[in-house]
Structure formats: C-alpha cells, structure tokens
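Visitor: here is a sequence together with a model predicted from it:
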Amino acid sequence: MTTVFLSLTADNNKESKKRIARKACITAFVIVVAFVIMGKYIFELFDITIPAFKITGGFLIFYVGFQMLMSNSSKVHSTGEEVPDEGIAISPLAIPIIAGPGTIVTAMNNITDGSFLHIGIVIIIFAIMLLLTYWAFTMSDIIVKKLGNNIIKVIGKLMGLILAIMGTGMIIVGIKLSFNIG
C-alpha cells in the first residue's frame, strides 16, 4: 500500500501527505467499523450482494492499478490545478485500497454471530493495522530517500500491475459467486 500511496501523492508536500494519510486511515476505520456494526443491514437496505460488491470493488481497484501502470501520475488524483488534490484520501486510498471489498467482507464475516467482545477485538485489530498503515504512509519520504525515485517508480508500476490483477481477480470471483461457478 505504501507504494500506491507514494504514487498517488508524488506531487504533494510532506504536510499534505500526512493529512492525506490521516484522512485515509480515519475514513477507512469509520467505513470498516460501520460495516462491522451495521454491514448486514446496509447490504439488506440497499439490496447489495457480496458478488456485486466484489465486482464493483474489482473494477475500482483495476482502474487505479491501470492508471498507475500506464501513466507517470495517476489521473485518479489529478485535478488539472497546481494544488494537489487531497480528495485521494477518500478515494482511492480509504476505499477501495485500504477498506476495500475484501477487507469489509472479511471483517463482516469475522463478527458473524460474534459477541460484543469478539466485535471489539476485530475493531481493535483493524485499528492497530491502520496505525501501522499510517506510520508506513508518513515514513514514505524516508523510503524514497533510501531507495531512490527510479526504484520507487518501478515498484509503483509493478504495484499498478498487481492492483490491476487483484481487481481482475475480484471481478472473476464476483462473477463466479453470481453464477455459482466452481
């Protein structure tokens, strides 16, 4: 995720990167906790199926990966203005990169028929993972200094390819689930 963060925030200064990292992690936390607590009801209210969720998330992740792979800077975060767009903290970073369909469904599955203690443990574990993610995002400048821009660009392209493949895989799984294949 750090290379995705680096790729999406390449034009941002250090303070802007911290704001984006903080906003992305807090947003991802709120999204996952909301789905842990109310996910079943949200899915029922909007008549959302797990396969549809996976397919849509797959398309979103594929799109971000494809943009990273094909361009020097992702169009996902380009506004055409000189001021870098910090809206990338919400999309694509918070959702679907950090709190994507896989994370949400896994969190929901882990609390099915669980006690309040079990739900609390899942939320605490996710919070710890997000603190580590935030730390990795805020340390990204040090990573660039250690590895160099060229290696980061290569890793960014590889991560774009991996994200596109993951998105394709999610779409395939969603289709298989939709039609009870395999």
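Guide: Thanks, I have it.
Visitor: CA atoms for contacts and neighbours, from now on please.
Guide: Fine.
Visitor: pretty sure residue 93 sits against residue 7.
Guide: No: if you go by C-alpha atoms under 8 Å, residue 93 and residue 7 don't touch, sitting 11.1 Å apart.
Visitor: so between these two, which is more surrounded?
Guide: residue 93 (25 against 22; other C-alpha atoms under 10 Å).
Visitor: state the distance from that one to residue 41.
Guide: Distance of residue 93 to residue 41, computed by C-alpha to C-alpha, to the nearest Å: 25 Å.
Visitor: and the residue nearest the centre of the chain, what does it touch?
Guide: Geometric centre of the chain, nearest residue: residue 97, 1.1 Å, by C-alpha atoms, centre = their mean. By C-alpha atoms under 8 Å, 6 or more residues apart in numbering, the contact set of residue 97 is 1, 61.
Visitor: gap between residue 142 and residue 136?
Guide: 10 Å.
Visitor: wait, residue 104
Guide: From residue 104 to residue 136 the distance is 21 Å (C-alpha to C-alpha).
Visitor: so which of those two has more stuff around it?
Guide: residue 104 (23 against 18).
Visitor: that one: what secondary structure?
Guide: Classification of residue 104 by DSSP: H, G, I helix; E, B strand; the rest coil places it in helix.
Visitor: make 58 the starting number, not 1.
Guide: OK, 58 is where the count begins now, so the last one is residue 161.
Visitor: quick one: contacts for it?
Guide: Counted by C-alpha under 8 Å, 6+ apart, residue 161 has contacts 89, 92, 93.
Visitor: now do the same contact list for the closest residue to residue 75 other than its chain neighbours.
Guide: Of all residues not flanking residue 75 in the chain, residue 195 sits nearest, at 5.8 Å (C-alpha to C-alpha, 6 or more residues apart in numbering). Contacts for residue 195 (C-alpha under 8 Å, 6+ apart) come out as 74, 75, 78.
Visitor: cool, residue 119 as well?
Guide: Residue 119 touches 220, 221, 222, 223, 224, 225, counting by C-alpha under 8 Å, 6+ apart.
Visitor: give the buried residues for the host helix or strand of the last one.
Guide: Mapping residue 225 onto the secondary structure by DSSP states H and E places it in helix 206-236. Of the residues in helix 206-236, those buried by neighbour count under the rule 16 or more other C-alpha atoms under 10 Å are 209-210, 212-232, 234.
Visitor: and that helix, how far from the chain's centre?
Guide: The chain centre lies 12 Å from the centre of helix 206-236; the measure is C-alpha atoms, centre = their mean, to the nearest Å.
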